[in-house]
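[1] Sequence isn't available, so here's the structure alone:
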């Protein structure tokens, strides 16, 4: 039952957060600090998700060499301005190749 309470509370919290964005006064939304915050939060969240996926395995911090090499290959492809699907293919290919070699 505790799980369903947590699910319901999370759903209500998400709804209230969305509602807060809809009913926020225009002067708050036009504030440069609010705009800057709204621009940077998705980048920070995506970076945190990538870090967790790259360095964590379940509940432990374990650096998987194949996963890290795939991440490095993705960064290199991004620096070379490769299209997004190519970045994904390069990262997956490098990680899969290293795992195939037993790394």
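    It's in. Just so it is clear, the model here is predicted, and its values are computed rather than measured. Residues are numbered from 1 along each chain as shown.
[2] Could you pick out the longest helix of the protein?
    The longest helix of the chain (DSSP state H) is helix 32-55.
[3] Mind listing residues that contact it?
    Helix 32-55 has contacts (Cβ atoms under 8 Å, 6 or more residues apart in numbering) with 28-29, 61-63, 67-68, 71. C-betas here are computed from N, CA, C, even on glycine.
[4] Report all helices and strands that the helix or strand following that helix contacts.
    Per DSSP states H and E, the first helix or strand lying C-terminal to helix 32-55 is strand 56-57. Applying 3 or more Cβ pairs under 8 Å, 6 or more residues apart in numbering; DSSP states H and E, we find strand 56-57 packed against no helix or strand.
[5] Centre of the chain to strand 56-57, how far?
    Mean C-alpha position of strand 56-57 versus that of the full chain (Cα atoms, centre = their mean, to the nearest Å) differs by 15 Å.
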